[in-house]
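In: pasting the structure only:
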């Protein structure tokens, strides 16, 4: 299992949109519509933002959306807000009840 | 509301066994369809899935750690445990416990509740 590839950082001004990519392989992202995304403010517990590529758990703003094409999944934050500044991690099911995470992306609100 | 709290030593010597406990509140460890999970983050790096134990007792481990890893539950204390043997400096990380629940659509679990993490340093 190799970690999923994410950009180290992305940034945007308040109100803008940012998109984070998450690239895996045909053995994980490409094979399953089971990608989840987690928001992590350092020192706090991570929070699930999306699961099954694009489903939002209760309480997650609809500014957060997800998609997938081939071996790459994406998280888009629309209408960026100061509180969205955090680290974001993708995670994919990799078969045989195993999972693989991404290296994380730091989102900076300018 | 599910709450999870990791506990355990912050310093472990090389070659020894790392042991961590996760105490759950707001949910029973024995309740159906929950996967009790451990995930770690090496300093400055991304997350790494370690493994989980299903409510039925079945365990699923990261292949890269499987030979050194044991995840178990202590039902009466509403806790689940991580034991990682023969540790080296490469095992220095923040260790998170988490609950995973199955998606109603895909039946694949995702991690919906997390602890705040427990930093473990492996050093002599």
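Out: Yes, it's here. Small disclaimer: the values here were computed from a predicted structure and weren't measured.
In: measure residue A:57 to residue A:46 for me?
Out: Distance from residue A:57 to residue A:46, counting by Cβ to Cβ, to the nearest Å: 13 Å. The C-beta positions use only the backbone N, C-alpha and C, and glycine is treated the same way.
In: looking at these two, which one has more neighbours?
Out: residue A:46 (24 against 14; other Cβ atoms under 10 Å in any protein chain shown).
In: surely the more buried one meets residue A:37?
Out: No: Residue A:46 sits out of contact with residue A:37 when judged by Cβ atoms under 8 Å, with a separation of 10.1 Å.
In: shared neighbours of the two, anything?
Out: Shared contacts of residue A:46 and residue A:37, defined by Cβ atoms under 8 Å, 6 or more residues apart in numbering or on different chains, comprise residue A:89.
In: remind me which residues of chain A are low pLDDT?
Out: Within chain A, the stretches with pLDDT under 70 are A:1.
In: can you pull the contacts of residue B:93?
Out: Applying Cβ under 8 Å, 6+ apart, the residues near residue B:93 are B:40-43, B:48, B:119-120.
In: could you turn the buried ones of these into a PyMOL selection?
Out: Entered in PyMOL, the line below selects the buried ones among those, by 16 or more other Cβ atoms under 10 Å in any protein chain shown:
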select buried, chain B and resi 40+41+48+120
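In: of the contacts of residue B:93, which pair is most distant in space?
Out: Within the contacts of residue B:93, B:48 and B:119 form the most distant pair, 14.7 Å apart (Cβ to Cβ).
In: please report the distance of residue A:96 from residue B:55.
Out: For residue A:96 relative to residue B:55 (Cβ to Cβ), the value is 19 Å.
In: ok, and of the contacts of residue B:93, which contact chain A?
Out: Applying Cβ under 8 Å from any Cβ of the partner chain, the subset of these adjacent to chain A comprises residue B:48.
In: where's the dip in pLDDT among the contacts of residue B:93?
Out: Among the contacts of residue B:93, residue B:43 has the lowest pLDDT, at 89.
In: need the contact list for the nearest residue to that residue once chain neighbours are set aside.
Out: Using Cβ to Cβ, 6 or more residues apart in numbering or on different chains and skipping the chain neighbours, the partner closest in space to residue B:43 is residue B:92 (6.8 Å). Residues in contact with residue B:92, defined by Cβ under 8 Å, 6+ apart, are B:42-43, B:120-123.
In: widest-spaced pair of these?
Out: B:42 and B:123 (14.4 Å).
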